[in-house]
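> Sequence plus the predicted model coming up.
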Number of protein chains: 2
Amino acid sequence: MDTKPALRSPTITDVAEAAGVSPMTVSRVLNGRGGAGEETRRRVLEAAQALSYRPNAFAKSLKNDRSNTVGIVVPDIVNPFFPEIIRGAELVARPAGYTLLSCNVVEDPEREEEVLGMLLDKRVDGLIICSARLDDERLLRAIAPHRAVVLINRAAAKRHAGTIEVDYRAGVEAVVTQLIAQGRRRFGFAAGPAASQGGRKRREGIEAALARHGLSLVFDLPCTPDLQGGAEIAARLLPEIAQVDAMICYNDLIALGLMKPLEQAGIRVPEDIALVGCDDIPASDLVSPALTTLRIAKQDLGEMAMRMLLDRIAGRNAQQGIVIEPDPIWRATTPRLPG
Amino acid sequence: MDTKPALRSPTITDVAEAAGVSPMTVSRVLNGRGGAGEETRRRVLEAAQALSYRPNAFAKSLKNDRSNTVGIVVPDIVNPFFPEIIRGAELVARPAGYTLLSCNVVEDPEREEEVLGMLLDKRVDGLIICSARLDDERLLRAIAPHRAVVLINRAAAKRHAGTIEVDYRAGVEAVVTQLIAQGRRRFGFAAGPAASQGGRKRREGIEAALARHGLSLVFDLPCTPDLQGGAEIAARLLPEIAQVDAMICYNDLIALGLMKPLEQAGIRVPEDIALVGCDDIPASDLVSPALTTLRIAKQDLGEMAMRMLLDRIAGRNAQQGIVIEPDPIWRATTPRLPG
DNA sequence: TTGAAAGCGCTAACAC
DNA sequence: GTGTTAGCGCTTTCAA
């Protein structure tokens, strides 16, 4: 019955011919613009159906100067922090008629720049950038030509981009303050990527809490934000492990990567050393001892960012900067809380 | 110094005017087609640079009838199995000049169908589908109009798509055989999504091994392929836990989701019940006891799939079906191997 | 070595 | 209610 799929996909003109009308009428019917006779309408729909007609998105975009596509750029799709954000963003984008183009930059600024250019070529209507690693100048230059931008965990002039920032500073400060109250004094920081703004805010939080007690960081080293980074920190830390009785980690992956080497070296967590992560990825509640961390509502974050982006695309720049608070989740890598 | 970014992005005509040549010459220079005077060439490049000209991908695609974009469809981007595949695919796609459009279908067949249609609208040059959940007829109908398709973990007529399949059957059979040798007799299967072809192959592997010893599955229940699914299986299993001394799980997430409820119920792993996952996600080596599993080279899988896809796009359909073998990783949720 | 014309598939603006 | 014209930005074809 079925005819073979044509070599060339059917165009609006093919449908028009099949229905015995003009392309314009087909366009009107298919886009629900109204102003088409009932009978005509039926014939057009039938013809489109019969040909399995799908409008060519390029032609549409070229004409309309909008792609109905938005981009989201993440440092590393394998880091469990980001897929949830992507999912949240997609959840909002799709019902609004947007396709999400998600791009991985593998923690590489060059690549980040390249990807932003590519998204420009594809004429995305807007984009979300998670934890941009580019320096201010390059970032600004790269986003300037874009129609609408939202930055996650990166400050920027409101004119150029909306921002959603996690208040790591407050979150980390609260946790460190609590640990000090429990008697910890010698803090280390596994700082994550040096270029991360979020990393600097976490450090500020630690230092603010420490300063109030006349303390300062005894260990502060950057590392890749993954299990491997944690393992490397462990190797650096172990020779001078006695210097430290609490480690604050840039994220859960680092903390998790730290745990096994510590255990193998006979260091007890949390007795000898307390461990705190950040993000609350699923694995953190699965390991033993379960990891104390700052929970971030990742999917919400993605949803918010996308809502803000859609607003900006629509020219509504109402909410320009949102700050969300992380939630301390006290688990077993820190001493039991009193009460 | 800089002029404000224009409202309208510069076109090839703008560049042509600035350089005092025709659009055609600009096109030639920018695409490295050769046949342009040295001096002309220089002027064009300069003008393009000065205007920050970026060719409009739509116009290009509309004309060329190719988008230089390929799609990859995954059931759930939050499942750690898939981001690694995506990364592998991207690693191969980008140097070849392709942009990867990754789409999440949240384990929903309707959504899968919709996404395949959307990809068609966007005129992707080809696409990879991971663990398609559509039934054969709908899947075939959905991929038929696409130019090139590769299926991961799903069989198909070679004419319609290349395939890369993990030999779960053999992998699972080997593991179960080993467990039987260690004295396990009462096997359960946390089967994952009913629509998964991979799930059926795992079951076949279990049953083949059991049959050789006159045994059969005492527990076989579908579940979502995530931690939640494991927790639900645990709830169903616990009342009749004594019936079972080994659980084979569709994937590591399910196995991991199973572990905490079992532990809380006082069931010892592996003494009372052996546990086997599949995929070898990073968390599996972090928990205690560490999870025995079948390792799949996820990134390789993604790379292979993309290479096969690029071949098919280029009209080279040499390698049409690849089977890869999973690697049993014996860890602590199964009894120690002899030797 | 360079340019002019035509057209990819679609739709906004304006007829009829 | 429906059709015609023109043009989005680019490149292929052909001519100069």
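Perfect, thanks for sending it.
> quick one: buried residues of stretch A:287-302?
If you call a residue buried by 16 or more other Cβ atoms under 10 Å in any protein chain shown, then stretch A:287-302 has these buried ones: A:287-299, A:301-302. (Each C-beta comes from the backbone N, C-alpha and C, glycine too.)
> Go back to these and keep what's next to chain B.
Contacts with chain B within the buried residues of stretch A:287-302, counted by Cβ under 8 Å from any Cβ of the partner chain: A:287-288.
> Show me the buried residues of stretch A:287-302 that map onto strands.
Among the buried residues of stretch A:287-302, DSSP state E puts A:293-295 in strands.
> Neighbours of A:Glu271, how many?
By other Cβ atoms under 10 Å in any protein chain shown, 9 other residues sit near A:Glu271.
> Tell me which residues touch A:Ile152, please.
Listed by Cβ atoms under 8 Å, 6 or more residues apart in numbering or on different chains, the contact set of A:Ile152 reads A:85, A:128-131, A:163-165, A:301, A:305.
> The residues you listed: which two are farthest apart?
A:Ile85 and A:Thr163 (14.5 Å; Cβ to Cβ).
> The two: which is more packed in?
Counted by other Cβ under 10 Å, A:Ile85 and A:Thr163 do not tie: A:Ile85 has more neighbours, with 26 against 22.
> Could you list the low-pLDDT ranges of the stretch 51-200 of chain A?
For the stretch 51-200 of chain A, no stretch is flagged by pLDDT under 70.
> which residues in it form strands?
Using DSSP state E, counting those that start in this stretch, the strands of the stretch 51-200 of chain A run over A:69-74, A:99-104, A:126-130, A:149-152, A:162-166, A:187-190.
> Within its sheet, name the partner strands of the fourth one and how each one runs.
By that I understand strand A:149-152. In the sheet, strand A:149-152 lines up against strand A:126-130 (parallel), strand A:162-166 (parallel) (DSSP bridges).
> domains for chain A, by residue range?
Domain segmentation of chain A under automatic domain parsing yields A:12-55, A:66-167+A:298-327, A:169-295.
> quick revisit: ok, the ones in strands among the buried residues of stretch A:287-302 vs chain B, which is closest?
Lowest distance from chain B to those (Cβ to the nearest Cβ) belongs to A:Thr293, with 14.1 Å.
> My guess is that closest one contacts A:Ala283. True?
No - with contacts counted by Cβ atoms under 8 Å, A:Thr293 stays clear of A:Ala283, the gap being 10.6 Å.
> And the residue nearest to A:Gly192 when sequence neighbours are not counted, how far from DNA strand D?
Once flanking residues are discounted, A:Gly192 sits nearest to A:Tyr250: 2.9 Å by Cβ to Cβ, 6 or more residues apart in numbering or on different chains. Here A:Tyr250 is placed at a distance of 42 Å from DNA strand D (Cβ to the nearest atom of the strand, to the nearest Å).
> what about A:Met24, how many residues close to it?
A:Met24: 12 surrounding residues under other Cβ under 10 Å.
> and if you look at A:Val323?
10.
> Surely it is within a strand?
Yes - assessed with DSSP: H, G, I helix; E, B strand; the rest coil, A:Val323 lies in a strand.
> Pull the contacting residues for it.
If a contact means Cβ under 8 Å, 6+ apart, then A:Val323 has A:164-167 as its contacts.
> what is it paired to in the beta sheet?
A:Glu165.
> Any figure for the gap between it and A:Ala155?
11 Å (Cβ to Cβ, to the nearest Å).
> go on, A:Arg66?
Separation of A:Arg66 from A:Ala155 (Cβ to Cβ): 28 Å.
> most tightly surrounded among the strands paired with strand A:149-152?
strand A:126-130 (a mean of 28; mean count of other Cβ atoms under 10 Å in any protein chain shown).
> and the closest residue to A:Ala132 other than its chain neighbours, what does it touch?
Excluding the flanking residues, the one nearest A:Ala132 by Cβ to Cβ, 6+ apart is A:Arg154, at 4.8 Å. For A:Arg154, the contacting residues are A:129, A:131-132, A:139, A:163, A:165, A:197, by Cβ under 8 Å, 6+ apart.
> Check A:Val269 too.
A:259, A:262-263, A:275, A:289, A:333.
> Could you check which helix or strand contains it?
Under the criterion DSSP states H and E, no helix or strand holds A:Val269.
> What's the separation between it and DNA strand C?
With Cβ to the nearest atom of the strand as the criterion, A:Val269 and DNA strand C are 60 Å apart.
> next one: A:Ala235
Counting by Cβ to the nearest atom of the strand - A:Ala235 and DNA strand C are separated by 58 Å.
> what does A:Gln264 give?
From A:Gln264 over to DNA strand C (counting by Cβ to the nearest atom of the strand), the distance is 62 Å.
> still on that earlier bit, please enumerate the shared neighbours of A:Val323 and A:Ala155.
A:Glu165.
> ok so, going back, which one among the contacts of A:Arg154 gets closest to DNA strand C?
Minimum distance to DNA strand C across the contacts of A:Arg154 is 30.0 Å, recorded for A:Ile129 (Cβ to the nearest atom of the strand).
> got a list of what the closest one touches?
A:72-73, A:116, A:139, A:143, A:149-152, A:154.
> from these, which is closest to DNA strand D?
For the contacts of A:Ile129, the nearest to DNA strand D is A:Leu116 (17.6 Å; Cβ to the nearest atom of the strand).
> Next up, the contacts around that closest one.
With Cβ under 8 Å, 6+ apart, A:Leu116 has these contacts: A:73, A:127, A:129, A:142-143, A:146.
> Go ahead and confirm A:Leu179 touches A:Leu275.
No - under the criterion of Cβ under 8 Å, A:Leu179 makes no contact with A:Leu275, lying 10.4 Å away.
> Which one's more surrounded, these two?
Using other Cβ under 10 Å, the more surrounded residue of A:Leu179 and A:Leu275 is A:Leu275, with 26 against 23.
> The strand or helix carrying A:Val29 packs against which elements?
Using DSSP H and E, A:Val29 maps to helix A:23-30. Helix A:23-30 is packed against helix A:12-19, helix A:38-51, with contacts defined by 3 or more Cβ pairs under 8 Å, 6 or more residues apart in numbering or on different chains; DSSP states H and E.
> Redo the ones you listed as TSV? Include mean neighbour count and distance to DNA strand C.
Listed next are these as TSV, based on neighbours: other Cβ atoms under 10 Å in any protein chain shown; distance: least, Cβ to the nearest atom of the strand, whole Å:
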stretch	mean neighbour count	distance to DNA strand C
helix A:12-19	19	3
helix A:38-51	16	10
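> Looking at these, which is nearest to B:Glu17?
Among the helices and strands packed on helix A:23-30, the nearest to B:Glu17 by Cβ to Cβ is helix A:12-19 (32.4 Å).
> tell me the mean pLDDT over the closest one?
Across helix A:12-19, the average pLDDT comes to 93.
> From the chain's centre, how far out is that helix? Work that out for me.
Remark: helix A:12-19 is offset 43 Å from the chain centroid, using Cα atoms, centre = their mean, to the nearest Å.
> swap in stretch A:258-275?
With Cα atoms, centre = their mean, you get 30 Å for stretch A:258-275.
> now stretch A:123-141
12 Å.
> Flag every buried residue along that stretch.
A:123-134, A:138-139.
> is that stretch up against DNA strand D anywhere?
No - judged by Cβ under 7 Å from any atom of the strand, stretch A:123-141 makes no contact with DNA strand D; its nearest approach is 9.2 Å.
> now the end-to-end length of that stretch.
Stretch A:123-141 has an end-to-end distance of 16 Å (criterion: Cα to Cα, to the nearest Å).
> and that stretch with DNA strand C, contact?
No - judged by Cβ under 7 Å from any atom of the strand, stretch A:123-141 makes no contact with DNA strand C; its nearest approach is 13.3 Å.
> what does chain A put close to DNA strand D?
Within chain A, the positions lying close to DNA strand D (Cβ under 7 Å from any atom of the strand) are A:21-25, A:28, A:35-37, A:39-41, A:59, A:62-63, A:65.
> could you redo the last one with a cut-off of 10 Å?
Within chain A, the residues that sit near DNA strand D (Cβ under 10 Å from any atom of the strand) are A:16, A:19-29, A:33-41, A:43-44, A:58-65, A:121, A:123.
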